[in-house]
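[1] I would like to see how this sequence folds:
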Amino acid sequence: MLKMIGVETFYGKIKALHGVSLGVEDGQLVCILGANGAGKTTILKTICGITESEYGTIHFNGIQIDRKEPEDIIKLGISLVPENRRIFPELSVYENLMMGGFLIKNKDLFAERIKKVTDYFPILSKRGSQRAGTLSGGEQQMLAIARALMLDPKLLLLDEPSLGLSPKLVREIFAIIKDLHKSGVTILLVEQNVNQALKIADYGYVLTSGKIFLSGTYDELYEEEKVREQYLGEGKYTRRAKLWGG
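    Numbering: from 1, shown residues only. Just a heads-up that it's a prediction; the model follows:
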């Protein structure tokens, strides 16, 4: 479905992505893992056309999209849930959903999509007239996801959905992402919460300094010492303590 080949993206003279290549198959949940500043968000922005790549190509369902405008990319079926949610705090929950469905011209289809996303997130139906800025952090994240789902995307991009949430809400959000995947939504997930992300993903890429240095399934990545030490907090001494009951 999505294929990036040798993509290089710059911010001014600073290279943010160094020849990144990755793929997402139809129906997969793929995660991109890495620390702050690794280039994870830049990958999503480059896919969406928000940030333009200098080199390499990006194809979506056989169509080259790396030189297309963001609106044209959205029309092809890619929706982004941005980092920090980026809802419209002064607008109501319903008005935020309207903004998500801005390309839908048919009133019946629009009503159908509203019903679909509020059925999935019942709390949003109850909060329809409430200002979005007054929602809890978890509810705002649900709204951001629901807004992106208004266009019934073929590929959903999620940028750090667990950021700033309590452990309880993190578990809830990951349960929602898992359910979305099970329902047939293809997802590319960017996350710092490596343990949670890998548990629900079909495949993962580990990014460092704008380069992909590892990729594989949960089991394959867990076998890598660097992944355990840097991202799972599980170095050789930790594992030795576990073996001895520590």
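
[2] Next, the contact list for the most centrally placed residue in the chain, please.
    The residue lying closest to the centre of the chain (C-alpha atoms, centre = their mean) is Leu158, at 1.6 Å. Counting by C-beta atoms under 8 Å, 6 or more residues apart in numbering, Leu158 makes contact with 81, 145, 177, 187-191. (Each C-beta comes from the backbone N, C-alpha and C, glycine too.)

[3] ok, and the most crowded of those residues?
    In terms of neighbour count, Leu189 stands highest of these at 28 neighbours, by other C-beta atoms under 10 Å.

[4] Which secondary structure element is home to that one?
    Assigned by DSSP states H and E, Leu189 belongs to strand 186-191.

[5] Relative to that strand, what are the paired strands and their orientations?
    Strand 186-191 sits in its sheet next to strand 29-33 (parallel), strand 155-159 (parallel), going by DSSP bridges.

[6] Output those strands in JSON lines, with mean pLDDT and distance to Ile65 appended to each entry.
    Formatted as JSON lines, these follow (pLDDT from 0 to 100; distance: least, C-beta to C-beta, whole Å):
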{"stretch": "strand 29-33", "mean pLDDT": "94", "distance to Ile65": "17"}
{"stretch": "strand 155-159", "mean pLDDT": "95", "distance to Ile65": "11"}
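
[7] quick one: which of the ones you listed is nearest Arg85?
    With C-beta to C-beta as the criterion, Arg85 lies closest to strand 155-159 of those, at 9.4 Å.

[8] Look up which residues are beta-bridged to the residue nearest to the centre of the chain.
    Beta-bridge pairing for Leu158 (DSSP bridges): Val81, Leu189.

[9] Just the pLDDT for the residue lying closest to Ile58 once chain neighbours are set aside.
    In space, and not counting its chain neighbours, Ile58 is closest to Asp66: 4.1 Å by C-beta to C-beta, 6 or more residues apart in numbering. pLDDT recorded at Asp66 is 94.
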